[in-house]
Every structure is written in structure tokens, then in C-alpha cells.
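Enquirer: A structural model of the following input is requested.
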Amino acid sequence: QVQLLESGGGLVQAGDSLRLSCAASGGKLRELAVGWFRQAPGKEREFVVAVARSGAGSHEADSVKGRFTISTDSDKNTVYLQMNSLKPEDTAVYYCAAANVGLSWQIPTDLDHYNYWGQGTQVTVSS
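Expert: Next up, the predicted model:
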């Protein structure tokens, strides 16, 4: 059973940067597709960005394109979310998730395709 633990959230000002970490145990992240989702108060959880198994590719939501980047460190079994030029509308609880996928290039964007979830970390961006 893969367990995921997010860290790195906090309170920042608009325009600042923040890096979230997702550390895994009980399995190897390079064998899974890994994504970041977020949920703002009163809204549904939404896809942010994901990376294919073994880093074969990535895909991000239009709302974060050019600002957010996902990366992996296989030695540390950790995935990162680098968030630049943060906006107040980026305020949300950010969740790391991992998916069992059959093909190395698959990048699921639907949360129903993800098998493992972290507890989330709060990111608050003030204006």
C-alpha cells in the first residue's frame, strides 16, 4: 500500500513562489503516474498537474500552465510541485495522488483514476 505525505504548504503573497513535496512510502513513485490536485473552499477537487510513469511526460491544467512545474526525484521517492507567480485564486488544499497505469505515457487527469492520496497541504495566497 503506497502512502503519500505532502509538505511545503503555507501562507504567501501574490507573486511569490512555493514548492510542495510529496514523499512516498510502501512503493516506488517511478512505477506510478503522479499528480497534484487542489480543492478550494466550496469547490470540487480539480486537476493541477501530473507526470507519467518514470517521468515520460507531464501535463498541466490551463490555469497553471507556465507557472507550475512537476518534477520527480527517484532517489528520494519524492515528487515536487514548483509553484511560481502565485495568485490568490491558487489558494486551496493541495493533494498529491498516485495512479497505477498500464502504459508508461499515460497521464490521468481524472481523480477517479488515482489509487492513492495524501492528506493534503494548505496553500494560501494573499493579495
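Enquirer: From here on, just use CA atoms for contacts and neighbour counts.
Expert: Fine.
Enquirer: what's the spatially most central residue of the chain in contact with, if anything?
Expert: Nearest to the mean C-alpha position of the chain, counting by CA atoms, centre = their mean, stands W36 at 2.1 Å. By CA atoms under 8 Å, 6 or more residues apart in numbering, W36 lies in contact with F47, V48, V49, A50, L81, Y94, Y95, C96, A97.
Enquirer: V34 now?
Expert: A50, V51, A52, R53, V79, C96, A97, A98, A99.
Enquirer: Please name the nearest non-neighbouring residue to the residue nearest to the centre of the chain.
Expert: In this structure, W36 finds its nearest non-sequential neighbour in C96, 4.7 Å apart by CA to CA, 6 or more residues apart in numbering.
Enquirer: circling back to that earlier point, pull up the gap between the residue nearest to the centre of the chain and K76, please.
Expert: 18 Å (CA to CA, to the nearest Å).
Enquirer: cool, A97 as well?
Expert: 17 Å.
Enquirer: Tell me which of those two has more neighbours.
Expert: Using other CA atoms under 10 Å, the more surrounded residue of A97 and K76 is A97, with 27 against 11.
Enquirer: rewinding a little: quick one: secondary structure of the residue nearest to W36?
Expert: strand (DSSP: H, G, I helix; E, B strand; the rest coil).
Enquirer: Tell me how many other residues surround it.
Expert: Residues near C96, counting by other CA under 10 Å: 31.
Enquirer: next one: the helix or strand containing R19 to chain centre, how far?
Expert: Using DSSP states H and E, R19 sits within strand 18-25. Once both centres are worked out by CA atoms, centre = their mean, to the nearest Å, strand 18-25 turns out to sit 8 Å from its chain's centre.
Enquirer: what helices or strands is that strand leaning on?
Expert: strand 3-7, strand 78-83 (3 or more CA pairs under 8 Å, 6 or more residues apart in numbering; DSSP states H and E).
Enquirer: and those as a markdown table, adding mean pLDDT, distance to R67 and mean neighbour count?
Expert: Shown next, in a markdown table, are those (pLDDT from 0 to 100; distance: least, CA to CA, whole Å; neighbours: other CA atoms under 10 Å):
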| stretch | mean pLDDT | distance to R67 | mean neighbour count |
| --- | --- | --- | --- |
| strand 3-7 | 97 | 19 | 20 |
| strand 78-83 | 98 | 6 | 21 |
